[in-house]
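Visitor: 3D model of this:
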Amino acid sequence: MSKEQRNNTKLRLAELLELKRWNTPTIYNGWEQITERNSARENFNLEVCHDFMPQMGPMLGYAVTVVIEPGNLEHVKANPNAWSEYRQYVAEAQGPKIVVVQDMDKPVAFGSFWGEVNSNIHRALGCVGTITDGAIRDVDEMNNAGFKGIARQFCVGHAKAFPVRWGCDVTVFGCPIQPGNLIHADKHGFLVIPERDQGRLLEAARFMDSNECQTLISAARNSQGKTTQEILKAIDRAASKFIHNTEEKYGQKDK
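Guide: Presented below is the predicted three-dimensional model:
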């Protein structure tokens, strides 16, 4: 698929804004109904990651990827123009963008790719945040820049946090990510939505959220003045209705 064809498949801004209104588990609930993938163990982080800006809410964007190895000084000598070439790659990608950083030093964090300066530069290039299996620093300044950080840990220094490769496939927190993948992320973790599922994702998230509210959640909340057995029976009826609604909409799914 050409770059022009890929750009034509991107979701409209209004769709992205609406998807961003829900948390990542809600997006997952919709996605698992429409995907052909094994949603029990694919397309999301399998390792612990930390959202250091949970007050910013979810972030949603298309992946731009980069590999770093701050503990290896040789990369700086190998390509003195790497920073300029890497920033040109980021600038040319379609946004909104999430910078996905694979740190080859992990589990040790010799240095952070992120801080006040790099966050502001990437924000100017249309990036909304990062997912890195390395470290971040200057978290207050990143907040001030409006740049969200999901990472493994904090780090004091930057060492030689230098772009080694970019625009390539990466793996972070046990999840493979390709450039251009749509990612939804928040304090729960992140979800990578395959291109073939993106067009149906918003409608599926809307449906599953409404289905929960109209069945199980409302039955559980409407318990005042009822006995325990009446509550249990109401929840059983709601559960059956929830399953029926889901299967009627999307068919039988193997759970």
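Visitor: show me what contacts residue 52?
Guide: With contact set as Cβ atoms under 8 Å, 6 or more residues apart in numbering, residue 52 has these partners: 136, 139, 142, 149-151, 154. C-beta: built from backbone N, CA, C; applies to glycine.
Visitor: could you rerun that using 10 Å?
Guide: 136, 139, 142-143, 148-151, 153-154, 187 (Cβ atoms under 10 Å, 6 or more residues apart in numbering).
Visitor: and the two most separated of those?
Guide: By the measure Cβ to Cβ, 143 and 153 form the most distant pair in the contacts of residue 52, at 17.2 Å.
Visitor: in the chain, which helix is the longest?
Guide: For the chain, the longest helix by residue count, based on DSSP state H, is helix 228-250.
Visitor: picking up where we left off before, among the contacts of residue 52, which ones are buried?
Guide: With neighbours counted by 16 or more other Cβ atoms under 10 Å, these contain buried members at 136, 139, 142-143, 148-151, 153, 187.
Visitor: just the strands from the chain, written as ranges.
Guide: 50-51, 59-68, 97-103, 127-132, 135-136, 148-151, 153-154, 163-166, 170-172, 175-177, 182-186, 189-193 (DSSP state E).
Visitor: partner strands of the fifth one, with direction?
Guide: Read that as strand 135-136. Applying DSSP bridges, strand 135-136 is found paired with strand 153-154 (parallel).
Visitor: ok so, going back, closest one to residue 105 out of the contacts of residue 52, please.
Guide: Of the contacts of residue 52, the one sitting nearest to residue 105 (Cβ to Cβ) turns out to be residue 153, at 11.6 Å.
Visitor: which ones are touching that closest one?
Guide: Shown in contact with residue 153 (Cβ under 10 Å, 6+ apart): 49-50, 52, 106-107, 109, 112, 132-137.
Visitor: list only buried entries from the residues you listed.
Guide: 49, 52, 106, 109, 112, 132-137.
Visitor: looking at these, which is nearest residue 217?
Guide: Distances from residue 217 to these, taken by Cβ to Cβ, are shortest for residue 49, at 27.9 Å.
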